[in-house]
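Peer 1: Got a predicted structure plus its sequence, pasted below:
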Amino acid sequence: RGNMAFAGKYEFECDENYDEFVKKIGLSSDKIELGRNCKVITEVVQNGNDFVWTQHFPGGRTMSNSFTIGKESDMETMGGKKFKATAKMEDGKIVADFPNYHHTAEICGDKLVEISTVCGIVYKRTSKRIA
């Protein structure tokens, strides 16, 4: 499993604790509805420690974060807030602290598993590799 393990395209498959999580981080109810069971396509371009992590939403909206492992980068949250974070690589997982939650991403077989945690609420999103 080289360090290019993340590169690829993934389609949303399932999630857990979505409602509790997005309410806790303060997303508006219209954004919560939009995101529920949303068939997001996550596209990851990786060049060594440099990443471009793009989410393609139905209807044509995209959100993209570019970051380098170990360097502070400008990022954007699910809710559209801009912030600075330093992504780290720990045991093959990408780990980053967003303003109000802790986020990890890892590859398990042909799945991209993302876990966000806030105040003990664990939101897990699983996407399957499609390219």
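Peer 2: Looks like it came in fine.

Peer 1: was I right about E43 contacting M63?
Peer 2: No. Taking contacts as CB atoms under 8 Å, E43 lies outside contact range of M63: 11.0 Å. Just so you know, the C-beta spots here come from the backbone N, C-alpha and C atoms, and that holds for glycine as well.

Peer 1: Overlap of the contact sets of those two?
Peer 2: Each of 54-55 lies in contact with both E43 and M63 under the rule CB atoms under 8 Å, 6 or more residues apart in numbering.

Peer 1: check contacts around the spatially most central residue of the chain.
Peer 2: Using CA atoms, centre = their mean, the residue of the chain that lies closest to the mean C-alpha position is E114, 5.9 Å off. Residues near E114 by CB under 8 Å, 6+ apart: 103-105, 124-127.

Peer 1: Mind listing the strands the helix or strand encompassing A85 pairs with, and their directions?
Peer 2: Per DSSP states H and E: A85 is located in strand 82-86. Note on strand 82-86: by DSSP bridges, its sheet partners are strand 72-76 (antiparallel).

Peer 1: what comes into contact with the partner strand?
Peer 2: So strand 72-76 is in contact with 63, 65-67, 82-87, 96, 98, going by CB under 8 Å, 6+ apart.

Peer 1: Would you mark the buried spots in stretch 10-29?
Peer 2: 10, 12, 15, 18, 21-22, 24-25, 27 (16 or more other CB atoms under 10 Å).

Peer 1: Do a quick rundown of the helices in the chain.
Peer 2: For the chain, the helices defined by DSSP state H cover 18-24, 29-35.

Peer 1: Quick one: distance of stretch 70-80 to the chain centre.
Peer 2: Relative to its chain's centre, stretch 70-80 lies at 11 Å (CA atoms, centre = their mean, to the nearest Å).

Peer 1: start to end distance for it?
Peer 2: Start-to-end span of stretch 70-80 (CA to CA, to the nearest Å) is 23 Å.
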